[in-house]
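Novice: Have a look; sequence and predicted model below, questions after that.
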Amino acid sequence: MMEDALDRLEAALSTPLASLALPARLANFVERRGYQSVADLARLSPEELLVERNLGRKSVSDARLAIQGALGASWEEARRELLRREPGQASLVPASVEPIGAPEGGKATRWESYRTRFAGVGHAPLTDFEFPARVHTFASTRRLRTLGELLAVPWEDFSKAKNVGRGTVAATLAVLESALERLGIPPLESAKTLGTDADVPPPSLSPVIPDGARWTSLLREGLSQLEGKERIIATQRSGLAGTIPTLHELGECFGVSRERIRQLESRAIDRLRRRVARTEASRRLSAACELLVSEPESVATRDALFAFDAEEVPSLLFFVNELLAGDTHALLLNDRLVYSRAEQAALATHLRRARTLVEAATFPIEEDELARSVASALDIGVADARALFGYLDQPVLKEGTRIVGFGRTREDAILATLRAAEGPLERSAIEAQHGRGRLPPEAIFVDHGLVSVPEKIEGWERWARRLPPLARRAIEREGPERQWSTAELVEVLATECDLPEWMNAWTLGSLLKRSPELVYLGRNVVALASREGTEVVEDVESKRVHIGPALEEILRAHGGPMPDDEAREALAKVRGVSDNTWNMMRMKRPFLLLDGGTLGLYPRDVPGGEARSDRVLGALYEWLHAEQRGMPGPEVGRFVTELGDVAEGITPRMLRSLARIDGRFRLSVSGAIGLAEWDSVRVPTQAEALEALLDEGSGSVAVETVRANICTATGEPLPRSQLVNLAISVGARVAGDVVVRKTETAKVTRSELVTRAVTALPERTAQVFERLLDEVLAQPTPPSAASVEAELEAWAANLRSHAATDCPHIELDQVAGIVKGARVLLRMLDALEGDAKALARTAIAYVLCTDDADTDLAVGGLDDDEAVLARVSAALGVPDSNLGQEDSPRS
């Protein structure tokens with residue numbers, strides 16, 4: 001029988017290629033090479049054929065069909081048989097691979113032997129093996145999940161199953177033999193002893209998790225074993241390189257379709273799953289998640305493998321859901337990370353039904369009783385139901401073991417928390433305590449993510465009356481037709497008012513949001529209300545002009561690169577933008593920072609277009625990958641020069657901009673370029689570079705030397721202002737043409753009383769107060785009480801006069817209160833001594849000073865005077881009830 005099979009094989013291998021209906025390209029190749037028989041073509045590998053000129057994947061597929069049709073065997077089987085017969089080639093063929101035509105009985109025997117030889121790893125998931133797709137399909141239809149379950153299938157059933165042909169069988173046996181080699185399992189004759197020694201642990205196909213390892217190290221190790229595009233795509237999509245790009249964005253980077261990126265990502269994930277300790281990690285995650293929904297912090301406490309930082313959440317989602325892909329899922333519930341034994345849709349259904357049941361409950365009710373009711377309705381455990389209560393969209397309000405309400409007093413609870421806090425609270429902290437949802441209307445933002453209430457902000461109500469009319473008038477005067485960001489509006493108002501130190505874009509946005517003078521469009525953007533005053537905007541955010549599309553439209557209409565300031569002026573005609581937002585927007589795709597302070601679009605404004613950009617960025621990637629270090633800012637120019645014609649028209653500034661919008665790279669503030677797949681740019685920071693230069697110069701270095709070695713993110717030499725700040729950050733200073741390290745200076749000490757009063761003052765006010773304090777202490781003879789009283793009266797009369805003429809915004813009640821407070825301190829002077837007397841005299845001098853922190857005639861110009869009196873009086877122990885008492889002046 002064996003001889004008959006070999007005879008048939010010889011005849012098939014001798015089949016003339018001319019007798020086969022080969023496509024034109026493949027036929028021309030065969031003729032050009034002088035190939036005569038099927039054997040001649042089969043000796044080539046698919047990879048060798050693919051690199052031939054004018055032949056692509058279609059030609060490889062045609063060749064495969066021709067060989068398989070002629071031989072009844074796969075191309076790989078035929079090539080192995082041919083190599084076996086040629087002298088010197090036998091070593092290229094695995095010893096376990098039988099010749100084509102070998103009796104099925106031999107393969108059946110091997111199949112049966114695998115049950116014993118793989119006995120120690122029969123629990124391994126089939127997904128840990130690189131079986132052909134048809135084997136996975138076969139296993140899926142039979143609900144086979146492990147290697148042991150697959151090997152339990154009789155050989156006859158497997159080898160004759162639908163769509164399982166000779167090629168699939170051969171590939172399956174090859175995968176199993178490869179696995180035996182990895183495990184170090186002995187040949188068949190000694191397999192009987194495998195696993196019988198109790199002291200020998202069973203073999204494992206999965207990588208081992210080292211002691212103390214975190215999931216990030218497993219992910220990085222797996223990624224490091226990938227190659228080429230798959231490694232880049234998987235790194236980007238895992239979130240390890242920063243913001244996760246979309247498939248479309250990656251497609252644009254590589255010049256392929258979104259679908260092709262999806263295919264490459266899928267293949268990369270499949271390979272990653274076989275390169276990480278997936279089975280062990282999944283088991284440990286499942287063991288650490290005790291409930292239907294588990295807090296990630298508690299899971300990390302139970303198993304440090306899953307410890308994480310906030311910025312690692314996207315990568316953790318990728319690791320758990322894509323790589324482990326087990327029974328435990330990492331999900332985001334209202335931007336809050338949780339682990340769950342249910343998938344997102346199922347968990348959402350559970351939460352929806354639980355919310356309905358909790359809402360319908362009669363309060364108060366024992367928590368256990370409500371949990372049992374919910375558990376019964378959802379067919380889950382009581383502990384799981386109790387855990388769900390913490391993830392509903394509104395809080396379950398508890399007192400002891402009883403639930404007293406649901407969501408009905410959440411806003412009151414938040415306001416109570418804010419009022420009880422010593423200062424502003426992070427929004428995330430509020431949501432952690434009270435659940436995610438809208439903040440109460442009374443809550444205000446005092447900075448990015450920081451929330452408080454108006455009564456905690458000194459002077460809030462006063463400025464809520466003052467500013468909206470001024471803001472409306474400023475917009476009507478400066479640009480009534482456009483939208484304004486509160487960041488630019490606060491700068492305009494600062495030229496007209498002495499704004500308090502707490503006033504910024506966020507507080508102004510919160511303040512104007514409640515005013516009928518303007519329409520608040522969301523995200524600290526405002527505009528004039530309808531001129532008729534009757535328009536009601538239901539979806540105000542839909543009216544907001546979005547910066548990115550608006551700027552892109554401006555640049556496209558311009559037809560070429562546009563000076564940066566002109567582009568911003570054009571944008572300002574439709575929408576105001578803060579400096580920070582403007583700088584961030586210019587760094588994003590499709591904008592390019594070009595030479596001469598101009599702004600362009602990618603790829604329109606790249607010399608040579610997208611093709612040249614790809615070549616230059618490809619060369620940059622190869623350089624970084626070969627050097628395994630970042631490219632410092634000063635080297636970027638040399639790199640572009642060395643590329644020559646390849647980079648014609650590409651400047652260092654443009655190259656940085658191109659790299660910034662390419663997902664393969666990361667940039668530092670010093671203008672250095674590194675790979676996104678690295679943990680850092682691998683170039684010293686600006687501060688580290690300056691420290692090194694100072695060390696080399698024994699504490700001194702020339703400014704020009706610094707500027708030659710340290711540049712900005714866009715490649716220009718550091719401006720002097722930035723150099724000054726950089727020097728300060730490392731304990732140095734700029735002295736003329738050199739940067740020198742500062743020497744230690746003795747600290748001036750003050751009494752606790754003075755320190756307490758001064759530190760309570762706003763920064764600008766404190767600076768003026770300290771200057772006046774020094775002057776008061778230096779006075780040999782203080783002014784008399786009568787002269788001070790006369791000055792106070794003259795000061796008040798002057799303000800009353802201005803209020804009646806050119807400064808109607810001056811609040812006379814505030815003027816009277818300041819005069820009364822100053823008189824209280826004036827009456828106390830005789831009873832005070834030392835620093836206490838100096839503080840009181842300085843507070844009065846501050847009120848009378850025309851050169852204090854704020855101009856008294858400006859809007860809000862008296863607030864600093866009021867603050868000084870209040871802080872000094874508090875430091876001296878003056879009761880609030882005594883401040884501002886009406887008394888006759890002391891003579």
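Specialist: Okay, I see it. Residues are numbered from 1 along each chain as shown.
Novice: Listing request: residues of the stretch 151-300 of the chain with sub-threshold pLDDT.
Specialist: 181-207 (pLDDT under 70).
Novice: For it, just list every one of the helices.
Specialist: 155-159, 166-183, 215-224, 228-238, 247-254, 258-275, 278-288, 296-302 (DSSP state H, counting those that start in this stretch).
Novice: Redo those as JSON lines? Include mean neighbour count.
Specialist: For every residue, glycine as well, the C-beta is placed using N, CA and C. Rendered in JSON lines, the data for these read as follows (neighbours: other CB atoms under 10 Å):
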{"stretch": "helix 155-159", "mean neighbour count": "15"}
{"stretch": "helix 166-183", "mean neighbour count": "18"}
{"stretch": "helix 215-224", "mean neighbour count": "20"}
{"stretch": "helix 228-238", "mean neighbour count": "22"}
{"stretch": "helix 247-254", "mean neighbour count": "18"}
{"stretch": "helix 258-275", "mean neighbour count": "17"}
{"stretch": "helix 278-288", "mean neighbour count": "19"}
{"stretch": "helix 296-302", "mean neighbour count": "16"}
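Novice: mind checking which of the ones you listed is nearest E501?
Specialist: helix 296-302 (36.4 Å; CB to CB).
Novice: What is the least confident helix or strand in the protein?
Specialist: helix 2-13 (a mean of 64; mean pLDDT, DSSP states H and E).
Novice: need the next SSE after it, C-terminal direction.
Specialist: helix 24-33 (DSSP states H and E).
Novice: Just to check, L667 is in contact with I661?
Specialist: No - counting by CB atoms under 8 Å, L667 stays clear of I661, with 10.4 Å between them.
Novice: the more surrounded of these two?
Specialist: L667 (22 against 19; other CB atoms under 10 Å).
Novice: is the more buried one in a bridge, and if so with what?
Specialist: When bridges are called by DSSP bridges, L667 pairs up with I673.
Novice: hang on, the earlier thing: could you dump the helices of the stretch 151-300 of the chain to CSV with distance to V519?
Specialist: Converted to CSV, the helices of the stretch 151-300 of the chain look like this (distance: least, CB to CB, whole Å):
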stretch, distance to V519
helix 155-159, 71
helix 166-183, 66
helix 215-224, 46
helix 228-238, 40
helix 247-254, 34
helix 258-275, 39
helix 278-288, 49
helix 296-302, 41
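Novice: what about those, which gets the closest to T581?
Specialist: helix 247-254 (21.2 Å).
Novice: starting at the chain centroid, how far to the closest one?
Specialist: How far helix 247-254 lies from its chain's middle: 19 Å, per CA atoms, centre = their mean, to the nearest Å.
Novice: what does stretch 324-333 give?
Specialist: The answer for stretch 324-333 is 20 Å, by CA atoms, centre = their mean.
Novice: same deal with stretch 333-345?
Specialist: Remark: stretch 333-345 is offset 19 Å from the chain centroid, using CA atoms, centre = their mean.
Novice: So V824 versus G400, what's the distance?
Specialist: 49 Å (CB to CB, to the nearest Å).
Novice: Sorry, wrong one. I was asking about L264.
Specialist: Counting by CB to CB - L264 and G400 are separated by 56 Å.
Novice: likewise F138?
Specialist: 58 Å.
Novice: In contact with T356, which residues?
Specialist: Counting by CB atoms under 8 Å, 6 or more residues apart in numbering, T356 touches no other residue.
Novice: And the pLDDT at it?
Specialist: T356 is assigned 86 on the pLDDT scale.
Novice: do the same with L675
Specialist: Looking at L675, the pLDDT reads 91.
Novice: Could you check what's spatially nearest to it, not counting adjacent residues?
Specialist: L624 (5.2 Å; CB to CB, 6 or more residues apart in numbering).
Novice: got the angle between the helix or strand containing the one you found and helix 228-238?
Specialist: Per DSSP H and E: L624 is located in helix 609-627. Using axes from the mean of the first three to the mean of the last three CA atoms, to 10 degrees, the inter-axis angle of helix 609-627 relative to helix 228-238 is 90 degrees.
Novice: can you pull the buried residues of helix 609-627?
Specialist: 612-614, 616-617, 619-621, 623-624 (16 or more other CB atoms under 10 Å).
Novice: Check the offset of it from the chain's centre.
Specialist: The answer for helix 609-627 is 25 Å, by CA atoms, centre = their mean.
Novice: Extract the CA atoms of that helix and return them as CSV.
Specialist: Provided in CSV are the C-alpha atoms of helix 609-627 (Å, rounded to 0.1, in the frame of the first residue of the first chain):
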residue,chain,number,x,y,z
GLY,A,609,3.1,65.6,0.2
GLU,A,610,2.3,62.5,2.1
ALA,A,611,4.8,60.3,0.3
ARG,A,612,7.8,62.4,1.3
SER,A,613,6.4,62.7,4.8
ASP,A,614,6.1,58.9,5.1
ARG,A,615,9.7,58.4,3.8
VAL,A,616,11.2,60.9,6.3
LEU,A,617,9.2,59.6,9.2
GLY,A,618,10.1,56.0,8.2
ALA,A,619,13.8,57.0,8.3
LEU,A,620,13.3,58.7,11.7
TYR,A,621,11.6,55.5,13.0
GLU,A,622,14.5,53.4,11.8
TRP,A,623,17.1,55.7,13.4
LEU,A,624,15.3,55.7,16.8
HIS,A,625,14.7,51.9,16.7
ALA,A,626,18.4,51.3,15.8
GLU,A,627,19.8,53.7,18.4
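Novice: Can you name the residues in contact with that helix?
Specialist: Under CB under 8 Å, 6+ apart, the answer for helix 609-627 is 255, 602-603, 606, 630-631, 639-640, 643, 646-650, 655, 658-659, 662, 664-665, 673-675.
Novice: and if we set it to 7 Å?
Specialist: 255, 603, 606, 631, 639, 643, 646-647, 650, 655, 658-659, 662, 664, 673-675 (CB atoms under 7 Å, 6 or more residues apart in numbering).
Novice: following that helix, which helix or strand shows up next?
Specialist: helix 633-643.
Novice: Give me the mean pLDDT for that next one.
Specialist: If you average the pLDDT values across helix 633-643, you get 87.
Novice: got the angle between that helix and helix 609-627?
Specialist: 120 degrees.
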